[in-house]
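S.K.: Below: sequence and its predicted model.
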Amino acid sequence: MSENIILLEQVNKNYQQLAALHNIDLKLSAGEVLGLFGHNGAGKTTMMKLILGIIKAGSGKVAVFGVDPQNKKAWSSRKKIGYLPENVSFYDQLTGFEVLTYFARLKSANKKQVVELLEKVGLSFAENRPVKTYSKGMRQRLGLAQAFLGDPKLLLLDEPTVGLDPTATKEFYTSVDQLKSNGATIILCSHILPGIEQHIDRAMILSGGESVAMGTLPRLRDIAQLPVSIKTQGINDALQHNKNLAPFMVSPYQLDVPESEKIKVIRELMTFEKLTDLQVETPTLAQIYQYFLGNSVQQEKPL
Ligand SMILES: Nc1ncnc2c1ncn2[C@@H]1O[C@H](COP(=O)(O)OP(=O)(O)OP(=O)(O)O)[C@@H](O)[C@H]1O
């Protein structure tokens, strides 16, 4: 069995009268990418801070690279961790190059990497400009470069794509895939759900400090029993006259089908000679998220 890079067992964290995290369990191994989702105040940042050792759990077990992050022994493994906080801020008077050089020294990372990473995140052209002249997206790119320093084996990224344009977002996910294939474990925390699905292995959805869903997206689709939408072209009138298909019709050209019936329905549709096109849409991460959290604004949970 592979070693757990992160292990949380029955973890609780309270802030005064507020239960910010309640009985959280999580095991992540090398090369695994977890999407961590939840409304504002659900406990995502609190969980990251516990993993980083910035705050201490009230109860339960926290182990990162096999060590309690609160323990002095965790110092050596900290260099293997990259962290992008939600609202990234830097020393505004320093240039991008100076900021990254400073962090490279803190992390004992190779200085050569500073130039490479500035290039990678598309900031070489502005490396000698003070950070105070950077746009929001440029600051975010610098934040990512900072998190990627030192070949991290664990990356905690809080809202990594906020402020990034579509090209930079795509490049960011390419980097995530590369780091994952090099064996890095990654937690991606985001409110921007489209585009993230194909880059995560599992998702955890937090609500009011509790884990309300945890698993691969197919597994969560299964639990939620969200239907697969099949859209047809060319046979619209005929659908309602077919006794096997009519029960699934939601419009003359759309069938909403349980995952378990999908192949049977597609086979049936393929028998229609007039069928010109077929589109199969599996439930998106946003739909899964809605299912588990509903549309309600989550309330803070007092103890
Ligand atoms: N230092 C603190 N003292 C008191 N309460 C806190 C503290 N830090 C966080 N909280 C509370 O704990 C809860 C969880 O906060 P947290 O920052 O972990 O949420 P989040 O899921 O990251 O939210 P967001 O999506 O808005 O960033 C919130 O109700 C927040 O107000």
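M.R.: Perfect, I can see it now. Residues are numbered from 1 along each chain as shown.

S.K.: Okay, Ile51 and Thr101: tell me how far apart.
M.R.: Distance of Ile51 to Thr101, computed by Cβ to Cβ, to the nearest Å: 27 Å. Yep, even glycine has a C-beta here, placed from its N, CA and C like the rest.

S.K.: next one: Glu32
M.R.: Counting by Cβ to Cβ, the gap from Glu32 to Thr101 is 31 Å.

S.K.: where does the stretch 51-200 of the chain dip in pLDDT?
M.R.: By pLDDT under 70, the stretch 51-200 of the chain contains no weakly predicted segment.

S.K.: In it, which residue sits nearest the ligand?
M.R.: Glu86 (5.6 Å; Cβ to the nearest ligand atom).

S.K.: Run a quick neighbour tally on that residue.
M.R.: Glu86 sits with 14 neighbouring residues when counted by other Cβ atoms under 10 Å.

S.K.: what's the distance between it and Tyr102?
M.R.: Distance from Glu86 to Tyr102, by Cβ to Cβ: 21 Å.

S.K.: Which stretches in the stretch 1-150 of the chain count as strands?
M.R.: Assigned strands in the stretch 1-150 of the chain, in chain order: 4-15, 18-29, 33-38, 59-64, 81-84 (criterion: DSSP state E, counting those that start in this stretch).

S.K.: meant to ask about the stretch 151-300 of the chain
M.R.: In the stretch 151-300 of the chain, the strands defined using DSSP E, counting those that start in this stretch lie at 154-158, 185-189, 202-207, 210-215, 228-233, 249-251, 254-257, 277-281.

S.K.: Report the angle between the longest helix belonging to the chain and strand 154-158.
M.R.: In terms of residue count, the longest helix belonging to the chain (DSSP state H) is helix 166-181. Counting by axes from the mean of the first three to the mean of the last three Cα atoms, to 10 degrees, helix 166-181 lies at 150 degrees to strand 154-158.

S.K.: Now do helix 166-181: distance to the chain's middle.
M.R.: 12 Å (Cα atoms, centre = their mean, to the nearest Å).

S.K.: Name the residues of it that are buried.
M.R.: 168-169, 171-173, 175-176, 179-180 (16 or more other Cβ atoms under 10 Å).

S.K.: Could I get the CA-only coordinates of that helix as PDB?
M.R.: Only the C-alpha atoms of helix 166-181 are listed here, as PDB (Å, rounded to 0.1, in the frame of the first residue of the first chain):
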ATOM      1  CA  PRO A 166      -8.100  31.600 -20.200                       C
ATOM      2  CA  THR A 167      -4.600  30.900 -21.700                       C
ATOM      3  CA  ALA A 168      -2.900  31.200 -18.300                       C
ATOM      4  CA  THR A 169      -5.600  29.000 -16.800                       C
ATOM      5  CA  LYS A 170      -4.900  26.300 -19.400                       C
ATOM      6  CA  GLU A 171      -1.200  26.600 -18.800                       C
ATOM      7  CA  PHE A 172      -1.700  26.300 -15.100                       C
ATOM      8  CA  TYR A 173      -3.600  23.100 -15.500                       C
ATOM      9  CA  THR A 174      -0.900  21.700 -17.800                       C
ATOM     10  CA  SER A 175       1.600  22.400 -14.900                       C
ATOM     11  CA  VAL A 176      -0.700  20.600 -12.500                       C
ATOM     12  CA  ASP A 177      -0.800  17.600 -14.700                       C
ATOM     13  CA  GLN A 178       3.000  17.600 -15.100                       C
ATOM     14  CA  LEU A 179       3.500  17.900 -11.300                       C
ATOM     15  CA  LYS A 180       1.100  15.100 -10.700                       C
ATOM     16  CA  SER A 181       2.800  12.800 -13.200                       C
END
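
S.K.: which secondary structure elements does that helix contact?
M.R.: When contacts are defined as 3 or more Cβ pairs under 8 Å, 6 or more residues apart in numbering; DSSP states H and E, helix 166-181 packs onto helix 136-148, strand 185-189.
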